[in-house]
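> sequence below, structure please.
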Amino acid sequence: LNVGILFVLALLALSIYGVILSGWVSNNRWTLLGGLRGSAQLISYEVALGLSLIGIIMVFPSLKFSEIVGFQSELLFGWLPKWGVFLQPLGLIIFLMAAMAESERVPFDLPEGESEIVGFFTEYGGLKYGLYMFTDFMKVLIIACLLTTLFFGGYHVPWLYADGFHFPWGGDWLLPHGIVVLFQVIMFNLKVFFFCWLQILIRWTYPRFRYDQLMDFGWKFLIPLSLFNIAATAVLMSL
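Coordinates of the predicted model:
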């Protein structure tokens, strides 16, 4: 898809409608307020999420995931993989924080908090509640795939080419092409698994924000930091 990044961001933004509508159809004023509060959080961090990817698009001039992964197959200084994490470390940090807020993981899980926080689905139970939980964990998987594809080389293994390993210090390890493909598939899945684990680990580690802290963090810290990252990337690329 020629505009793959924009397409994925647009699909993630559609969850805002679900949050608002789920609070409205519950026929409960507090649930409606919870839905509005949740949608405000998602809109706020969607801005930072999109801005954090502009630096990646500037470094790898494409919106197609396949082309971005292809750019990351090259080497920096003859030995370092040209992955997004090395070219956009600040963009990675911003993206990870904004994406966790977008997926409503702790410490950003105010829209789906316990009943005393009045989340947007306090009136739901059983299968309907389970479907909401299912979508949240689907977001965790999607974020892990995006992190792997945009910042960590996708399916690429360092120094692995179509005919095997060619190490920068001069050694070679030739492999059949089928084994190379198997290595790449395993590496992609390991990266995705690691980032899923990382998001769950953070859930167990940090306490929940207050709502005012949550909004201040998005508008007064993440968005200005992402704009600084864009400006710094432009300056460095012009040198």
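> which stretches of the protein have low pLDDT?
1, 105-106, 109-119, 203-204 (pLDDT under 70).
> what ranges do the helices span in it?
Assigned by DSSP state H, the helices in the chain fall at 4-13, 15-24, 29-52, 54-59, 65-71, 84-87, 89-102, 126-151, 177-203, 211-216, 223-238.
> buried set for the shortest one?
The neighbour-count check on helix 84-87 (16 or more other CB atoms under 10 Å) flags Gly84, Val85, Leu87 as buried. C-betas here are computed from N, CA, C, even on glycine.
> Phe167 versus the first one, what's the distance?
Counting by CB to CB, to the nearest Å, the gap between Gly84 and Phe167 amounts to 23 Å.
> would you mind measuring from the residue most central in space within the chain to Val180?
Compute the mean C-alpha point of the chain, and by CA atoms, centre = their mean the closest residue is Ile143, 3.7 Å away. As defined by CB to CB, Ile143 lies at a distance of 28 Å from Val180.
> torsion angles phi and psi at Thr122?
Thr122 adopts backbone torsions of phi -70, psi -20, taken as degrees, to the nearest 10.
> ok, it touching Gly34?
Yes. Assessed by CB atoms under 8 Å, Thr122 is found in contact with Gly34 at 7.0 Å.
> higher neighbour count, those two?
Higher neighbour count among Thr122 and Gly34: Gly34, with 26 against 20, using other CB atoms under 10 Å.
> the more buried one contacts Ser22, correct?
No. Counting by CB under 8 Å, Gly34 does not reach Ser22; the two are 9.3 Å apart.
> so what's the residue nearest to the centre of the chain closest to, chain neighbours aside?
When the adjacent residues along the chain are set aside, Ile143 lies closest to Ala99, with 4.4 Å between them (CB to CB, 6 or more residues apart in numbering).
> list the contacts of the one you found.
Ala99 makes contact with Leu49, Ile143, Leu146, Leu147, according to CB atoms under 8 Å, 6 or more residues apart in numbering.
> just the terminal-to-terminal distance for stretch 22-30.
12 Å (CA to CA, to the nearest Å).
> just the buried positions in it, please.
Ser22, Gly23, Ser26, Asn28.
> Gly38: which of these is nearest?
Lowest distance from Gly38 to the buried residues of stretch 22-30 (CB to CB) belongs to Gly23, with 7.4 Å.
> quick check, the closest one in contact with Leu36.
Yes. In this structure, Gly23 is within contact of Leu36 by CB under 8 Å, at 6.8 Å.
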